[in-house]
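A.B. asks: Sequence and predicted structure below; questions after.
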Amino acid sequence: MVSTLFRLGAAAALVLASTAVHAACTPAITDGNLIAPGKLQLSINPTNPPQQFVDKDGQLQGLNVELAAELGKRLCLPVELVRMDFPAMIPALGAARIDGVNTGMFWTEERSKLMYMVPYAIQAISVVVAPDSGTKIATENDLIGKSSAVEVSSYQMNWLKKLSDASVAKGGAAVEMRTFPTATNVVSALLAGQVDNALLVDSVARDLVGRGRVKEVLSGLGTARTTLGFRNKTVADTVVKALNAMRSDGSYQALFDKFGLTSMPADQPLAIAGPGPA
């Protein structure tokens, strides 16, 4: 596979496989269904290892990077991974700047009305503290009255807000929630002592625990499906077909085993979930 890194102003895009690689096959998606002719453009936020991250050599790595490359092979299309922070992704999709979102986005009913969402993995939320912290958090209710760092516009932010609002509605205290653009910023705030704890996607938390950067005190909160999201139904349907082919030949599960992440259960379909845009 030939990979080329392009700089696009303040953003960066990685093209997975050159056009020459696909010269001998017919693209599964026609140009009329794509933002830019001859390539599938997907956003990614490489601050969530092992889903997606930048290695010591500055190269994009992770499950979602390799998944995009495999989809590109099967669709006979170069895939361009456009780096951006998560809060900008859904607006970019709505403005037709990208074809899809490939960053491990949690499924929600609201989001399923904005795009065609394709669940492909299972994730949950973990609560972490600094390695030397004495903070005791045994249940989700122990977050009430404490300060928590979360990624802005994220599933974990919305989950925490619901917990806080429910406490306030019963006459209790609120969670002091502080939001940051990326998971990297969230962890930096935690380690700088700006908050008592941080809420992260569980796979990110496990990666940080393994490197001794944080201590996990609670896990398995808000378990839900994570998805790919697309603006065009033909694109989504074609990706679904490729994902199911991967599941049939074993490459789908092999990818999840490689990165230690949780795939969709065998009894749950790889299919569009929700109505999509009106």
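C.D. replies: That came through fine. Numbers count the residues shown, from 1 in each chain.
A.B. asks: so where is the protein shaky, pLDDT-wise?
C.D. replies: For the chain, the stretches with pLDDT under 70 are 1-14, 17-23.
A.B. asks: One more pass at 80, please.
C.D. replies: By pLDDT under 80, the low-scoring segments of the chain are 1-24.
A.B. asks: Need the single longest helix in it, by residues.
C.D. replies: helix 233-249 (DSSP state H).
A.B. asks: Could you list every helix and strand that the helix or strand just after that one packs against?
C.D. replies: Per DSSP states H and E, helix 233-249 leads on to helix 251-259 as the next helix or strand towards the C-terminus. Contacting helix 251-259 under the criterion 3 or more C-beta pairs under 8 Å, 6 or more residues apart in numbering; DSSP states H and E are the following elements: helix 63-75, helix 233-249, strand 262-263. In this view, the C-beta of every residue, glycine as well, is placed from N, C-alpha and C.
A.B. asks: what do you get if the cut-off is 7 Å, keeping everything else the same?
C.D. replies: helix 63-75, strand 262-263 (3 or more C-beta pairs under 7 Å, 6 or more residues apart in numbering; DSSP states H and E).
A.B. asks: What is the first one packed up against?
C.D. replies: For helix 63-75, the helices and strands in contact under the criterion 3+ C-beta pairs under 7 Å, 6+ apart are strand 11-16, strand 40-44, strand 79-83, strand 100-106, helix 233-249, helix 251-259.
A.B. asks: ok, back up a step: how about the longest helix of the chain: buried residues?
C.D. replies: 235, 236, 237, 238, 239, 240, 242, 243, 246, 247 (16 or more other C-beta atoms under 10 Å).
A.B. asks: one step back: take the helices and strands packed on helix 63-75 and lay them out in TSV including distance to residue 156.
C.D. replies: Listed next are the helices and strands packed on helix 63-75 as TSV, based on distance: least, C-beta to C-beta, whole Å:
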stretch	distance to residue 156
strand 11-16	24
strand 40-44	18
strand 79-83	21
strand 100-106	8
helix 233-249	25
helix 251-259	20
